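1. Sequence first, predicted coordinates after that:
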Number of protein chains: 2
Amino acid sequence: MGEDGDIIACVIDIGALRSLPYFSRLKEAELREVARLVQAVTLTRGEVLLTGGEPCPGLYFVVSGSLKVFQVSPEGREQVLMVAGPGQSFNDVPVFDGGPNPASVEALEPSAVGLVPKEAIEDLVRRYPEVARGMLQVFARRLRLLVSLVTSLSLLSVEGRVGQVLLTFSDTAPQPRPRLRVSQQDLAAMVGTTREVVARSLRALEEAGAVRRLQTEIEVVDRKRLAEMVEQAFK
Amino acid sequence: MGEDGDIIACVIDIGALRSLPYFSRLKEAELREVARLVQAVTLTRGEVLLTGGEPCPGLYFVVSGSLKVFQVSPEGREQVLMVAGPGQSFNDVPVFDGGPNPASVEALEPSAVGLVPKEAIEDLVRRYPEVARGMLQVFARRLRLLVSLVTSLSLLSVEGRVGQVLLTFSDTAPQPRPRLRVSQQDLAAMVGTTREVVARSLRALEEAGAVRRLQTEIEVVDRKRLAEMVEQAFK
DNA sequence: ACTCAGCCGCTACATAAGTCACTGTCACGC
DNA sequence: GCGTGACAGTGACTTATGTAGCGGCTGAGT
């Protein structure tokens, strides 16, 4: 199973730490000190790093690759809460409220992450007000994202939610013809539905001329059209 | 319309401030200083305090009464994000990420709230690390709540979600036979559906012997049974 | 070159959820 | 008394979503 991933000797780059909004305001020496506390973990695709409900080892951040943070129903259906990429942190909530991991985490591709132990974080927050401010900002952004997830789950149709995911993706990938590479299964878990329904929605979006379905990729052909489709998908 | 509510001369009690998790760690003198910056606002039932998307005046907390924080679709359907009661704060996100109000806020009953201006908060966070820690805790708790809202929207049927709301309510009201007083309309907005569907779900829960429908109240008859019903409602 | 697993496309069908339209019941004010 | 408005209850119908089942493609590994 490879439950915990492989723990590698501490090889976390100071640069990787600085790219985190948490630590960006710290000085060189302070960063070095933090780096000494960090454990590096590598994961293969599909490997499970954390399981919801278990006690919290600490805060993680992504060095390379990407991971999905999700919850599972007893029947096996998944809901993705966030997809964490390089520079993003996850599992930060339980560090501050003392509870168990709120969700499970699994690598979407071969990835490397860093683990900052709980006690180290608490210490940092106490000593450096800048760190606390950085964390408040991260939390605020996270809350906003979750709020928009809630409202799209509640107020948009599946087609609209799929479109929304494609839209926000095409913002981050600024190429002329942005292509998204996720399996329909994962896409389904992101918008809270099943693979087949995602397939139907994609067909509808394609027929409307907003996107194009390749083999395993989705291309946003007409951003504007896509945005219109999402608008019309409100309940 | 009474857009902004009435602004009363500063009559915020120091005790009210201390009951906020944000400020509970401050000393008497510091609390007095904060109190000077706070504006009090009173609201009648149904009065709108904030509108989503508008610029953020600051952070609010509830002194008495209760308010709903929600988003609306263009078609007028609502999704409630939280119901804020005495001692709880809301609209804290935009203070930290600088964006507009993430949601609208309306009084569910005659209420009194306090407004702490944005600048005051920023100043407090910088000067008192205890305040920052308190806020991080509040945010962490809020994130957890939103995560559970997301997963119940995505993984539970409407009946299950209605049951869940009743369950969590019956936790806070520890009487032998807890009774909930919300209109079905508001209940629908909490679980992301319509009044009629809520009515159907309540009938099903009543037929199962879990709850009893009074005129405008709902009584939890059998907590255990109710919890079972929710369990079976997973997708 | 084969098998196999993982992913996708599609049709047909089942059911949860949403919509519509109407009725009954209160509480309130005139 | 009567009208009015807010809230609840319910049956009939429509639609979105979920489920089942199958076949085809592709890439990795033997």
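-> Here it is on my side, so go on.
2. So for chain A, the centremost residue is which one?
-> For chain A, residue A:83 is the residue whose C-alpha lies nearest the centre (C-alpha atoms, centre = their mean; 2.1 Å).
3. any idea how far that one is from residue A:50?
-> 15 Å (C-beta to C-beta, to the nearest Å). Where you see a C-beta, it was placed from the backbone N, CA and C, and this is true even at glycine.
4. Might you report the residue contacts of the nearest residue to residue A:149 once chain neighbours are set aside?
-> Excluding the flanking residues, the one nearest residue A:149 by C-beta to C-beta, 6 or more residues apart in numbering or on different chains is residue B:150, at 5.6 Å. For residue B:150, the contact set (C-beta atoms under 8 Å, 6 or more residues apart in numbering or on different chains) comprises A:71, A:79, A:81, A:146, A:149, A:150, A:153.
5. Same question for the last one, what's its three-state structure.
-> Going back to what we said before, that points to residue A:153. Secondary structure assignment for residue A:153 (DSSP: H, G, I helix; E, B strand; the rest coil): helix.
6. How many residues are close by the residue lying closest to it once chain neighbours are set aside?
-> Nearest-residue entry for residue A:153: residue B:153, 4.5 Å, with adjacent residues in sequence omitted and distances by C-beta to C-beta, 6+ apart. Residue B:153 has 22 neighbouring residues, counting by other C-beta atoms under 10 Å in any protein chain shown.
7. Then residue A:126?
-> Neighbour tally, residue A:126, other C-beta under 10 Å: 14.
8. do the same with the one 5 residues further on
-> Other residues within reach of residue A:131 by the criterion other C-beta under 10 Å amount to 22.
9. For it, which non-adjacent residue is spatially closest?
-> Here the residue nearest residue A:131, using C-beta to C-beta, 6+ apart, is residue A:124, at 4.9 Å.
10. quick one: secondary structure of the one you found?
-> Per three-state DSSP, residue A:124 ends up helix.
11. surely it meets residue A:134?
-> No - using C-beta atoms under 8 Å, residue A:124 is not in contact with residue A:134; the gap is 10.0 Å.
12. residue ranges for the strands of chain A, please.
-> In chain A, the segments counted as strands under DSSP state E are A:6-8, A:39-43, A:48-50, A:58-64, A:67-72, A:78-84, A:89-90, A:104-107, A:111-117, A:179-180, A:211-213, A:218-220.
13. Tabulate those in a markdown table, adding columns for distance to DNA strand D.
-> What follows is these, written out as a markdown table (distance: least, C-beta to the nearest atom of the strand, whole Å):
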| stretch | distance to DNA strand D |
| --- | --- |
| strand A:6-8 | 19 |
| strand A:39-43 | 17 |
| strand A:48-50 | 20 |
| strand A:58-64 | 20 |
| strand A:67-72 | 14 |
| strand A:78-84 | 11 |
| strand A:89-90 | 25 |
| strand A:104-107 | 17 |
| strand A:111-117 | 18 |
| strand A:179-180 | 15 |
| strand A:211-213 | 13 |
| strand A:218-220 | 16 |
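14. Return the helix or strand in chain A with minimum mean pLDDT.
-> In chain A, the helix or strand scored least confidently by mean pLDDT, DSSP states H and E is strand A:6-8, which has a mean of 46.
15. wait, what's in contact with the residue lying closest to residue A:233 once chain neighbours are set aside?
-> Of all residues beyond its chain neighbours, the one nearest residue A:233 is residue A:160 (2.6 Å), with distances taken as C-beta to C-beta, 6+ apart. Shown in contact with residue A:160 (C-beta under 8 Å, 6+ apart): A:152, A:229, A:230, A:232, A:233, A:234.
16. While we're on the first one, how confident is the model there?
-> What that stands for is residue A:152. Per-residue pLDDT puts residue A:152 at 97.
17. so how far is residue A:18 from it?
-> Remark: distance between residue A:152 and residue A:18 (C-beta to C-beta) = 33 Å.
18. So if I had to pick from these two, which one is more boxed in?
-> When neighbours are counted by other C-beta under 10 Å, residue A:152 and residue A:18 differ, and residue A:152 comes out ahead with 23 against 14.
19. Low-confidence regions, chain A specifically.
-> A:1-12 (pLDDT under 70).
20. would CSV of the strands of chain A with distance to residue A:27 be doable?
-> Listed next are the strands of chain A as CSV, based on distance: least, C-beta to C-beta, whole Å:
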stretch, distance to residue A:27
strand A:6-8, 26
strand A:39-43, 22
strand A:48-50, 30
strand A:58-64, 19
strand A:67-72, 29
strand A:78-84, 26
strand A:89-90, 20
strand A:104-107, 31
strand A:111-117, 18
strand A:179-180, 39
strand A:211-213, 46
strand A:218-220, 42
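21. Which one of those lies nearest to residue B:42?
-> Among the strands of chain A, strand A:78-84 comes nearest to residue B:42, with 37.6 Å by C-beta to C-beta.
22. Can you get me a residue count around residue A:216?
-> Per other C-beta under 10 Å, the neighbour tally for residue A:216 reads 11.
23. ugh, wrong one, I meant residue A:228
-> Applying other C-beta under 10 Å, we find 14 other residues in the vicinity of residue A:228.
24. Please apply the same query to residue A:127.
-> Burial of residue A:127 is recorded as 12 neighbouring residues (other C-beta under 10 Å).
25. Would you quantify the distance from it to residue A:156?
-> Distance from residue A:127 to residue A:156, by C-beta to C-beta: 44 Å.
26. now swap in residue A:175 and tell me
-> 26 Å.
27. The two: which is more packed in?
-> The residue with more neighbours, out of residue A:175 and residue A:156, is residue A:156; 20 against 8, by other C-beta under 10 Å.
28. residues contacting that one?
-> Residues in contact with residue A:156 (C-beta under 8 Å, 6+ apart) are A:164, A:230, A:233, A:234, A:235.
29. Name whatever forms a beta bridge with the nearest residue to residue A:89 once chain neighbours are set aside.
-> Spatial nearest neighbour of residue A:89, excluding adjacent residues (C-beta to C-beta, 6+ apart): residue A:61 at 4.4 Å. Counting by DSSP bridges, residue A:61 is bridged to residue A:89, residue A:114.
30. contacting residues for residue A:61?
-> Residue A:61 makes contact with A:16, A:20, A:22, A:87, A:88, A:89, A:90, A:113, A:114, A:116, according to C-beta under 8 Å, 6+ apart.
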